[in-house]
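A.B. asks: Please find the sequence and the predicted model below.
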Amino acid sequence: MKQASILFFIFLCANLCNAQNKANVEPIQYRINFLVPGAEVEFGIAQNSSILFNAGFLWGIGSSEDFNGSSTTNFAILPIIDGQYRYYYNLKRRQEIGKNIAKNSGNFIALKGTYYFTKSFLKALEGNEENLFTDESDLSIIGVAYGLQRTYFDWLHIAFEGGIGFGQTRFDNLVLPIVSFTIGYAF
């Protein structure tokens, strides 16, 4: 009985806290990115928190040199998938001073994980017979980022994020910077 009373009290407090504050983030929104071609969906999961899923393609350019000194430049498209937990920390303040918070326009801190399918890129660089600086395995990165996201004219989506991450391939562990800039269409 004591446990049931404690659970009821916790449930009641959680509902009262939720009732006092309406959710600031959008329940669900879809976006198409232009610079890094892809699509993303963001789900509001709490008052100031969301989960974002992104799938797209990065553009890659590489140069390789053979033993004769001949250099070739190759172009590749790298598929990626990305997931983030975002906490928007300034939505209430933006709303109080009359700034736009529609479509999650605000600043955020994110915990993110990204998976880069790099084998396609490395296959494009096979002209390099001495693969000293390449690793034929995909790259996964987990990190933290700080970001800004704005939506203008109810459709123009602009976002920037930067941070640091821990990357891992099949043979190597790396500490890498996280930098992302997107322009797209918000539905």
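C.D. replies: Structure's in. What do you need?

A.B. asks: residue ranges for the strands of the protein, please.
C.D. replies: For the chain, applying DSSP state E gives strands covering 28-33, 38-44, 49-65, 71-88, 106-116, 139-152, 156-168, 173-186.

A.B. asks: For Asn100, which of the ones you listed is the nearest?
C.D. replies: Closest to Asn100 of the strands of the chain, according to CB to CB: strand 139-152, at 7.3 Å. (Each C-beta comes from the backbone N, C-alpha and C, glycine too.)

A.B. asks: so what does the closest one touch, helix or strand wise?
C.D. replies: Under the contact criterion of 3 or more CB pairs under 8 Å, 6 or more residues apart in numbering; DSSP states H and E, strand 139-152 touches strand 106-116, strand 156-168, strand 173-186.

A.B. asks: Recalculate using a threshold of 10 Å.
C.D. replies: With contacts defined as 3 or more CB pairs under 10 Å, 6 or more residues apart in numbering; DSSP states H and E, the packing partners of strand 139-152 are strand 28-33, strand 71-88, strand 106-116, strand 156-168, strand 173-186.

A.B. asks: Comparing the ones you listed, which comes out most buried?
C.D. replies: Most buried of the helices and strands packed on strand 139-152, by mean neighbour count (mean count of other CB atoms under 10 Å): strand 106-116, with a mean of 19.

A.B. asks: In a markdown table: the strands of the chain, plus mean pLDDT.
C.D. replies: Listed next are the strands of the chain as a markdown table, based on pLDDT from 0 to 100:
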| stretch | mean pLDDT |
| --- | --- |
| strand 28-33 | 96 |
| strand 38-44 | 96 |
| strand 49-65 | 86 |
| strand 71-88 | 87 |
| strand 106-116 | 95 |
| strand 139-152 | 95 |
| strand 156-168 | 96 |
| strand 173-186 | 94 |
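
A.B. asks: Redo those as CSV? Include distance to Arg94.
C.D. replies: Formatted as CSV, these follow (distance: least, CB to CB, whole Å):
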stretch, distance to Arg94
strand 28-33, 17
strand 38-44, 16
strand 49-65, 15
strand 71-88, 9
strand 106-116, 6
strand 139-152, 10
strand 156-168, 15
strand 173-186, 17
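
A.B. asks: and Ile97, which of the ones you listed is closest to it?
C.D. replies: Nearest of the strands of the chain to Ile97, taken as CB to CB: strand 106-116 at 12.1 Å.

A.B. asks: That closest one pairs with which strands, and in what direction?
C.D. replies: According to DSSP bridges, strand 106-116 forms sheet pairs with strand 71-88 (antiparallel), strand 139-152 (antiparallel).

A.B. asks: Pretty sure Phe160 sits against Tyr146.
C.D. replies: Yes - under the criterion of CB atoms under 10 Å, Phe160 makes contact with Tyr146 at 9.3 Å.
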